[in-house]
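*Asks:* heads up, no residue letters with this:
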């Protein structure tokens, strides 16, 4: 019973920022230079390591997303942003992490065709914690 309460509390913590964003933004929360996640505190659940590679179609961001928790994480969406020297967003993309992230493990990701930029930022835009004990 205690574990179910923890899962419910975690779900509320994940959903509250989404609900607040939807209530204040007209048609919903939109990524920007200052809005880089729909889930405040995502760093407690996930970590991201990445690098930028030059490709013929632009820049490609490749890396790993790590689960800090024992429960699997599903429906992970990453926000990749290209920034100019002043920190203004020159291009951005939300990308799904295929297959999610098993508990306490890592999953590779790839975000192709990013525009050239002085620097890049990758954050977790949204995710869902999986309640079941089995990972398929």
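*Replies:* Here it is on my side, so go on. Keep in mind the model is a prediction, meaning the values are calculated, not measured.
*Asks:* And residue 118, how far from residue 89?
*Replies:* To residue 89, residue 118 is 11 Å away according to C-beta to C-beta, to the nearest Å. C-beta: built from backbone N, CA, C; applies to glycine.
*Asks:* Ok, residue 58 next?
*Replies:* Residue 58 is 15 Å from residue 89, by C-beta to C-beta.
*Asks:* what's the spacing between residue 100 and residue 75?
*Replies:* Noted for residue 100: a distance of 7 Å to residue 75, by C-beta to C-beta.
*Asks:* Mind checking which of the two has more residues around it?
*Replies:* Per other C-beta atoms under 10 Å, whichever of residue 100 and residue 75 has more neighbours is residue 100, with 19 against 12.
*Asks:* Tell me, what's the model's pLDDT at that one?
*Replies:* We have a pLDDT of 95 for residue 100.
*Asks:* do residue 130 as well
*Replies:* On the pLDDT scale, residue 130 is placed at 88.
*Asks:* try residue 22
*Replies:* For residue 22, the predicted pLDDT is 36.
*Asks:* Flag the shaky bits of this protein, pLDDT-wise.
*Replies:* 1-27, 132-136 (pLDDT under 70).
*Asks:* Do a quick rundown of the strands in it.
*Replies:* 46-55, 58-67, 73-83, 89-96, 106-114, 119-129 (DSSP state E).
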